[in-house]
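# When you get a sec, could you give me coordinates for this:
(4 chains)
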There are 2 protein chains.
Amino acid sequence: MDTGTERKIRPSSLDRAAWIKGALAALADEGHAGLRVETLAKRLHVTKGSFYWHFRDRRDLVDAVLDEWKRGRIADIHKQTAAAPGKELEALRHTIEVYSASRNRKGLPIELAVREWASRDARAAAVVEEVDAERVACAARLFESLGLEPAEAAARSVLLYAYVFGFSLMRCNRFMPDSRAAKAWITERIAN
Amino acid sequence: MDTGTERKIRPSSLDRAAWIKGALAALADEGHAGLRVETLAKRLHVTKGSFYWHFRDRRDLVDAVLDEWKRGRIADIHKQTAAAPGKELEALRHTIEVYSASRNRKGLPIELAVREWASRDARAAAVVEEVDAERVACAARLFESLGLEPAEAAARSVLLYAYVFGFSLMRCNRFMPDSRAAKAWITERIAN
DNA sequence: GATTTTCAATACCGTACCGTATGGACACCG
DNA sequence: CGGTGTCCATACGGTACGGTATTGAAAATC
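Here you go, the predicted structure:
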């Protein structure tokens, strides 16, 4: 079994970040159950030797995935809510619409997978809590700048995010006569 | 290995329904990943011999669980929305509150687990769609009887269910100054 | 009482999965 | 060129898991 010549062909190395990226893709496609070392390796066209070079164990990867997700979400929140004065309502509407767009390719499946995982894993739950706190705070700030009181601003921002996550869990496409109009009505009911 | 005397003690038999019930409990505690034959058997204090007597294979159990969940949900929907004339608003508020109650012991975790599973399994997705259609139709009927137009009634019923599911995915308890008041505000915003 | 049915335990097989140990290959540096 | 570091492939071990085959025992039936 001497295949030295085959072994010489080494594609560009995978770094730790590439593994995390692959794991996030698997998370979108398969949920938490997709975070398996060997199937991830296969997905990335390497074997688990590479995995164990970069990560101590599976938990190490899982924690890295959560940290990366958090970083990305919080960066997005800040981007979405960085409205110029006078454009707050527009930013809020846009936030609703981004999530309501028919099955945001990767972001929403990952979001839902992380939240399902959070119901059973303390570490994931802590991360979700941080992200939610940041989200609700940023959205509430936008609502406040529209002249709403802090209590109502907070309620609205909770409703906003609860709606978009919940809606994505529902299967309404086939039986809703006019989902476009319904969504528009709901957006106004939340934001306005 | 002759332990005939131990074998003589036979507790009352498990029937198929007991297995399905145990599976639903596991679904609440562990999500779809909890539907494993051997761990279920352990949970029910038998071995998998019993399982294979009652079910052809795991898929047979899984389908039975989905059917049972659907039957139960639809029965509940009808119960919750069977409002006496003049009590429609109350029924709608109650529906929101039932789901918003702090972590409904089993119903909501199962609901969320089934929905997560539905994002990756066509059979589960079909069941969720049926349940959603029935839910939205029943709630819309209540809204209509309050004098709302069909389009607005439909939008409100979607918002109602999207909100309660989404809210249960969020982790707001620690950072929300007054979640009770926020929930009350949201309930009125949806129902009224 | 003998036979049949119902229900369940267990052995076995093959595959999946995580983690550890070992060896290989390439790049870089002194 | 030899040594070191980086990165990865593979073999191995142990456990989990679904499914099949076989056997045993209690309950039901004749």
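# Pull up the gap between the residue nearest to A:Ala83 when sequence neighbours are not counted and chain B, please.
Nearest in space to A:Ala83, with sequence neighbours left out and distances taken as Cβ to Cβ, 6 or more residues apart in numbering or on different chains, is A:Ala91 at 3.7 Å. Glycine gets a C-beta too; all of them are placed from N, C-alpha and C. From A:Ala91 over to chain B the distance is 20 Å, taken as Cβ to the nearest Cβ, to the nearest Å.
# is it true that A:Ala91 touches A:His78?
No: if you go by Cβ atoms under 8 Å, A:Ala91 and A:His78 don't touch, sitting 11.4 Å apart.
# of the two, who's got more company?
A:Ala91 (19 against 11; other Cβ atoms under 10 Å in any protein chain shown).
# How far away from the center of its chain is whichever strand or helix holds the more buried one?
Secondary-structure assignment from DSSP states H and E places A:Ala91 in helix A:88-100. How far helix A:88-100 lies from its chain's middle: 16 Å, per Cα atoms, centre = their mean, to the nearest Å.
# do the same with stretch A:57-70
Centroid separation for stretch A:57-70 versus its chain: 14 Å, with Cα atoms, centre = their mean.
# How about the secondary structure of A:Arg120?
Recorded secondary structure, A:Arg120: coil (DSSP: H, G, I helix; E, B strand; the rest coil).
# What is the burial count for it?
Count around A:Arg120 with other Cβ under 10 Å applied: 16.
# Surely it touches B:Ala28?
No: with contact defined as Cβ under 8 Å, A:Arg120 does not count as touching B:Ala28 (10.8 Å).
# show me where pLDDT drops low in chain A?
Residue ranges of chain A with pLDDT under 70: A:1-12, A:101-105, A:177.
# all helices for it, in order.
A:4-7, A:16-30, A:37-43, A:48-54, A:58-80, A:88-100, A:107-118, A:122-145, A:150-169, A:179-191 (DSSP state H).
# Report the central residue of chain A.
Taking Cα atoms, centre = their mean, the centroid of chain A lies closest to A:Glu111, which sits 3.5 Å from it.
# Leaving out chain neighbours, which residue sits closest to that residue?
Nearest non-adjacent residue to A:Glu111, counting by Cβ to Cβ, 6+ apart: A:Phe165, 7.0 Å away.
# Number of residues surrounding that neighbour?
Applying other Cβ under 10 Å, we find 23 residues neighbouring A:Phe165.
# Please name the residues that touch it.
By Cβ atoms under 8 Å, 6 or more residues apart in numbering or on different chains, A:Phe165 lies in contact with A:Tyr99, A:Glu111, A:Leu112, A:Arg115, B:Phe165, B:Gly166, B:Leu169, B:Met170.
# most neighbours, which of these?
Highest neighbour count within the contacts of A:Phe165: B:Leu169, with 25 neighbours (other Cβ under 10 Å).
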